[in-house]
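[1] below: sequence and its predicted model.
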Amino acid sequence: MPFQLDKKEMMIRTLGKFVDMTSKELPDDVMNKLTELRSKEEKPLAKAIYDVMFENMDKAKKLSRPTCQDTGVIQYFVRTGAKFPYLGQLREILREATIRATKSAPLRLNAVEVFDEVNTGTNIGTDVPYIVWEIVDDSTNVEIEVYQAGGGCSLPGRSIVLPPLAGYEGAMKFVFDTIVDWGINACPPLIVGIGIGTCSNSSALLSKKAMLRPVGTSHPHPKAAAMEKKIEEGLNAIGLGPQGISGANSVMAVHIEGMAHHPSVLGVGVTVGCWANRHGVICFDEHLNYKIISHKGATL
Amino acid sequence: MKKILTTPISDEEIQSLKVGDIVYLSGTLVTCRDEGHRRVIAEGIMPKLPMDRIAIFHAGPIVQDVEGGWKMISIGPTTSMRMERYEKEFLAKTGVKLVIGKGGMGAKTAEGCKENIAVHAVFPGGCGVIAAEQVEKIEDKEWPEFGMPEAFWILKVKEFGPLIISIDTQGNNLFEANKIDFHKKKEVALKETAQEIVSMIAKS
């Protein structure tokens, strides 16, 4: 057993440092896209905002500080093999890693306990950190994605179940209305995740999965990939610009995930990520050797 | 040349500002967001600090306790629109001249800015480290019971910005004007996108 405890502590330390790091450095996919969008901007106010954004990212890294003060509610998306040996302890490991990162980074205390509506002062509360579990295969590896879900970009998130005759046209209206009515305050350029599901929760969860997909990737289904591109063009034509000040673009990316659905319904979910999209992916094998996927060259 | 507003801010300085102007702030800045506005307006309780002619920041910072005080780690703006319900009355009651936040505010706040000679400005969202570096000192904290994000933090800032004026004293409202434009463009973009997507999935 002591051997087990050491391993557990090892994983807590690694994950704590990883969560700390993701609050301070944006992942490669987001950095690349922001660099591209910045170069396309011509309006003086939009350019001024991009300048501040990049200076801020630079300073966050140099001074080792969270790039945005809203470090969010800490969320984990666990994609695990059924035989990862520490699976039973992982909930506790993720909780403890959150506490460590909250102290070391430091992260903002963002857990307000439900019903009592009092800030817990620890960043931990009922079902926070929020964990989504997915068993992907029979292997001994686990992939953990951390996402720091700020309030501003959580606010536009919604899902709806449409009657089938509203169809994809209704789904598009729901997406465009959501982005234009609520996206401005969510710190554009945004990553827009769209989920097509069979009920409200399946659509919402798929939209989150879509939002977290690396920027620059397309859905493997050719129609879905074409839809992603078309919606991205449509939203960009609106020109929200950085911070909604108006500019050349609105979004960093539009991603769609979907599932088969009941013939009588078409569920649609929308999840929005802000420009300071703090997500990070790390993989562990059964010996707890780890590899960081989202941030090339990052060390813990 | 940088245009710098220094607290106490005069009415003349505020009246000279137009939407789209970029300014910086030196002097006293306090954080005040949802709970602070509710306390001042709904509960009628004022902080000890006189707020006449100073600036407020819709923000919930990360603050670290250090020996003899606090250290500002990261502080960026939060969505100003959440305070729309109370801001007009807040301006009248406190004498605050500059409201800093993220995104725009509505018609009621624009009325309040006109009546009370005040402006709303935005600090680029997500840029909490730059803002923290412009905080010279955390002077005090009121209402600690609200927790770290909602407490009333009293800050001394130097050349805090860039601040983009989004509502001026003439009734101009940058984000509301943008919204009208975005909605027009949305109608066109949505129609075209929806048509193409429907035809994409239509059974042959």
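    Yep, it's here.
[2] tell me where chain B is predicted with low confidence.
    Low-confidence segments of chain B (pLDDT under 70): B:203-204.
[3] what's across from the residue of the stretch 51-200 of chain A found nearest chain B in the sheet?
    Residue of the stretch 51-200 of chain A nearest chain B, by CB to the nearest CB: A:N119 (3.3 Å). For the C-beta atoms, the positions are set from N, CA and C on the backbone; glycine is no exception. Counting by DSSP bridges, A:N119 forms beta bridges with A:V112.
[4] and it, how far is that from A:L94?
    21 Å (CB to CB, to the nearest Å).
[5] so how far is the helix or strand hosting A:S159 off the chain centroid?
    A:S159 belongs to strand A:158-162 when assigned by DSSP states H and E. Chain-centre distance of strand A:158-162: 20 Å, with CA atoms, centre = their mean, to the nearest Å.
[6] give me the mean pLDDT for the following helix or strand past that strand.
    Counting by DSSP H and E, the next helix or strand C-terminal to strand A:158-162 is helix A:167-182. For helix A:167-182, mean pLDDT rounds to 96.
[7] tilt between helix A:167-182 and strand A:158-162?
    Between helix A:167-182 and strand A:158-162, the angle comes out at 150 degrees (axes from the mean of the first three to the mean of the last three CA atoms, to 10 degrees).
[8] next, the contact list for residue 117, please.
    Looking at chain A here, since you left the chain open. With contact set as CB atoms under 8 Å, 6 or more residues apart in numbering or on different chains, A:E117 has no partners.
[9] chain B, not that one
    Here B:I117 is in contact with B:11, B:14-15, B:97, B:169 (criterion: CB under 8 Å, 6+ apart).
[10] which one is it nearest to, not counting chain neighbours?
    Spatial nearest neighbour of B:I117, chain neighbours left out: B:D11 (4.6 Å); criterion: CB to CB, 6 or more residues apart in numbering or on different chains.
[11] tell me how far that neighbour lies from B:Q64.
    When B:D11 is compared with B:Q64 (using CB to CB), they lie 37 Å apart.
[12] all the strands of chain B, residue numbers only.
    With DSSP state E, the ranges of strands along chain B come out as B:4-6, B:22-31, B:55-57, B:62-66, B:69-74, B:98-101, B:119-122, B:135-142, B:152-167.
[13] how about TSV for those strands, with distance to chain A added?
    What follows is the strands of chain B, written out as TSV (distance: least, CB to the nearest CB, whole Å):
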stretch	distance to chain A
strand B:4-6	16
strand B:22-31	7
strand B:55-57	11
strand B:62-66	5
strand B:69-74	4
strand B:98-101	10
strand B:119-122	7
strand B:135-142	11
strand B:152-167	6
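[14] give me the contact status of the strand holding A:S159 with chain B.
    No - using CB under 8 Å from any CB of the partner chain, strand A:158-162 stays clear of chain B, with a minimum separation of 12.9 Å.
[15] rounded mean pLDDT for that strand, please.
    On average, the pLDDT along strand A:158-162 is 98.
[16] give me the buried positions along it.
    Of the residues in strand A:158-162, those buried by neighbour count under the rule 16 or more other CB atoms under 10 Å in any protein chain shown are A:158-162.
[17] so A:N119 and A:L94 - more neighbours on which side?
    Neighbour totals were compared for A:N119 and A:L94, and A:L94 leads with 23 against 19 (other CB atoms under 10 Å in any protein chain shown).
[18] can you pull the pLDDT of the more buried one?
    At A:L94, pLDDT is 98.
[19] which SSE is it in?
    helix A:90-104.
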